[in-house]
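Asker: fold the following, please.
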Amino acid sequence: MAPRTRAQLAEALRKREVPQEAADAVLERFSEVGLIDDEAFAAAWVSSRHAGRGLARKALASELRHRGVDEETVKEAVDRLDPEEEAETARRLVRRKLSSTRGLEPAVRTRRLAGMLARKGYGPGLAFRVIREVLEDEGAETSPFAEDQGYPLD
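Answerer: Prediction:
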């Protein structure tokens with residue numbers, strides 16, 4: 001069984017029709033002995049999903065909220081993610097996707113790369129800046145698409 005948040009375990013107990021008093025006692029005891037630790041869960045989740053799937057802060061925070069982690073714990077967990085590490089992950093994702101966009105018009109290429117980063121939770125400013133950097137490193141023509149849309153590249 002994979003690690004779960006307190007909210008996920010409470011929901012599982014509710015679905016099994018465990019009396020509320022018993023469920024509360026079990027959850028409290030699990031917390032006391034360290035079997036439930038939403039802070040540790042959130043930190044591990046952020047580390048794992050960022051490294052494995054390349055998700056950005058926004059997507060990670062959304063996933064944690066969906067799993068019932070409280071807002072303060074979510075904020076603490078995603079704040080541990082270094083902004084430069086997040087930008088480097090975005091660069092790596094763009095480099096990996098770059099070959100499948102060769103031969104496309106610069107604006108189409110940029111749009112597809114930006115869409116991929118957006119689906120992973122990267123904001124437009126960072127996404128377009130990283131795309132421009134990677135395309136320039138490749139020696140490819142960059143698209144004015146981001147500037148036309150009003151997104152800052154610097």
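
Asker: show the average pLDDT along stretch 72-81.
Answerer: For stretch 72-81, mean pLDDT rounds to 95.

Asker: repeat that for stretch 54-66.
Answerer: The predicted model gives stretch 54-66 an average pLDDT of 96.

Asker: phi first, then psi, for Val69.
Answerer: Backbone torsions for Val69, taken as degrees, to the nearest 10, come to phi -80, psi 140.

Asker: could you count how many residues lie near it?
Answerer: Look at Val69: counted by other Cβ atoms under 10 Å, it has 24 neighbours. From N, CA and C alone the C-beta is placed, and that goes for glycine too.

Asker: next one: Arg112
Answerer: 15.

Asker: so is it in a helix, a strand, or just coil?
Answerer: helix (DSSP: H, G, I helix; E, B strand; the rest coil).

Asker: do you know how far it is from Ala127?
Answerer: 11 Å (Cβ to Cβ, to the nearest Å).

Asker: how far off centre is the helix or strand hosting Arg65?
Answerer: Per DSSP states H and E: Arg65 is located in helix 57-66. With Cα atoms, centre = their mean, to the nearest Å as the basis, helix 57-66 stands 6 Å off its chain's centre.

Asker: that one: which residues count as buried?
Answerer: Under the neighbour-count criterion of 16 or more other Cβ atoms under 10 Å, helix 57-66 has Arg57, Ala59, Leu60, Ala61, Glu63, Leu64 buried.

Asker: next, format these as JSON lines and append distance to Gly121.
Answerer: Shown next, in JSON lines, are those (distance: Cβ to Cβ, whole Å):
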{"residue": "Arg57", "distance to Gly121": "7"}
{"residue": "Ala59", "distance to Gly121": "3"}
{"residue": "Leu60", "distance to Gly121": "7"}
{"residue": "Ala61", "distance to Gly121": "8"}
{"residue": "Glu63", "distance to Gly121": "9"}
{"residue": "Leu64", "distance to Gly121": "12"}
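
Asker: ok, Met47 - contacts?
Answerer: One thing to correct before we go on: residue 47 is Ser, not Met. By Cβ atoms under 8 Å, 6 or more residues apart in numbering, Ser47 lies in contact with nothing.
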